[in-house]
Every structure is written in structure tokens, then in C-alpha cells.
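Trainee: I'd like to go over a predicted model; first the sequence, then the structure.
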Amino acid sequence: MIPNKNLFFVTSAIKSVNTRFYNHVQRFEQTVETLKSIRSKVPDAIIILADASVYHLTKEEMEILINSNCDYFMNMNQVQLVHEFSTRDMKSHAENALSFNAFLAIKQEPFIKDVKRIFKVSGRSLLEDGFDINAYDNLFGKYVFKKRIPTWMNPPSKATDLLITRMFSFCPSLLDNYLEVCQKNAESCNHMDLEHAHFLNIPKEHLVEFDKIHLSGWLAGNGTVESY
């Protein structure tokens, strides 16, 4: 059978230690909107929510998330390294460890054989009206990121640019490669953020860059909404 499903892997930390601009209730509601947004734009998608909340979600909250068009819920708070990084508000390290451990598990799931493309989406983001899933056809063996942005680091590191990680995608044939990227990111994040680490470690021969990915998201750092 030819793979015909799109997998949306949503990362979140709903009950994080950093609630400067958005409290836990707001972050929860925004995450629910993320799931609804994906389902409305890609109705037949497989949607996985992997959450690394420092404080436990209630049973009722988890039921609401699953009922908000989430097919699978992964409680990443149970992964010691993810929990340690999240507790210390080490966001890049935490998200990288979450992705590595989650994709190791996803790799073993029977449904992965039906997947033609994997999208990683940060929770508290919305697919915009201009998003077209068909734009990702015929991209076998490729990563797709928003067009690279020049580094803001001074002095610059080996990562001369950064890749926005709020949403990117890759062909399932690159799953093992992305696990290797995560392993390299673990070291790189000691010197730079995860977006610079991705630019440094994603194989450029497999990289396709879109001018616009048609996604908007709430920024925890300053409380604004940004469009990509």
C-alpha cells in the first residue's frame, strides 16, 4: 500500500515554569486551538501531541486535548531527561530531548508505514488560511523549513544562519537521519539555541526552503503573535 497519510507531531509544554506572558490556562486553550487548526486544514491527518509539562495535566485536561482532534497523546513528563531540562527552563535542550525520545517511539508504531510526510509543529501555533498540504507533494527524501534567517549571534558561530523550528517537515525516509540530527543537536545546544543547531546539523543536500510556511504562533518570550 502506498503511504497516504500526513503525520503532525505537536510539541508542547502547557504547564511550563515560564508563564511570564501566558498562564497555564491560556497555554492550554492555545494548544487546543493548535490541534483544531491542524484538523481543519488536514482532516485526515494523524495528530500526535507530545507534552512536556513540568506540572501534571489533569485527567480532564488530557481528555479535552484528545477530544480536540488529537489521535495520540504522549506524556513526555515521564522521560527523566526531558523533565530535568523542562524544570530548569532549558527550552532548546528540552524540546530536542522530547523530539528524540518521541520519534524513537513513533518509529516502532504500525501506523508509520502509512505516513508519507511528517510535520513537526510547536504547540500554540495555528495553520493559516494559505497553508496548502499539496505544496509538500513530490518531496521524497527532503526536509522542508522556512527560508533560513541570518544569525543574530555576535560573534557568529559555525551556524551562520538559523532555521525556524516552529514548523518543519520531513520525509519518513529521513526519520533515522533526523534522530541523528537530534543527537548532534544535544551537543550543539550547549553553545546555541535549537534553531541555530538545526541549521548546523540538517544535511543541506536534503534541505528545501519555502519563502512562507503559512503558520502563526504565540511567542512566550514577549507575548506577541508572529507569522511565518
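Mentor: Yep, that arrived.

Trainee: is it true that residue 171 touches residue 136?
Mentor: No - at 9.4 Å, residue 171 does not count as touching residue 136 under the criterion of Cβ atoms under 8 Å. (C-beta placed from N, C-alpha, C; glycine too.)

Trainee: okay, the two: which has more neighbours?
Mentor: Neighbours of residue 171 and residue 136, each counted by other Cβ atoms under 10 Å, are more numerous for residue 171; the result is 21 against 17.

Trainee: give the contact list for the more buried one.
Mentor: 116-118, 139-143 (Cβ atoms under 8 Å, 6 or more residues apart in numbering).

Trainee: Assign residue 177 to helix, strand or coil.
Mentor: At residue 177 the chain is in helix, as set by DSSP: H, G, I helix; E, B strand; the rest coil.

Trainee: Distance-wise, check it relative to residue 165.
Mentor: Using Cβ to Cβ, to the nearest Å, we find residue 177 at a distance of 16 Å from residue 165.

Trainee: which of the two has more neighbours?
Mentor: residue 165 (22 against 16).

Trainee: In terms of pLDDT, where does the more buried one sit?
Mentor: Looking at residue 165, its pLDDT reads 97.

Trainee: Assign it to helix, strand or coil.
Mentor: Under three-state DSSP, residue 165 falls in the coil class.

Trainee: Can you give me every residue that contacts it?
Mentor: Counted by Cβ under 8 Å, 6+ apart, residue 165 has contacts 95, 120, 122, 145, 194-195, 198.

Trainee: which residues sit in contact with the residue lying closest to it once chain neighbours are set aside?
Mentor: The shortest distance from residue 165 to any non-neighbouring residue, by Cβ to Cβ, 6 or more residues apart in numbering, is to residue 195 (5.3 Å). Contact analysis of residue 195 by Cβ under 8 Å, 6+ apart lists 162-165.
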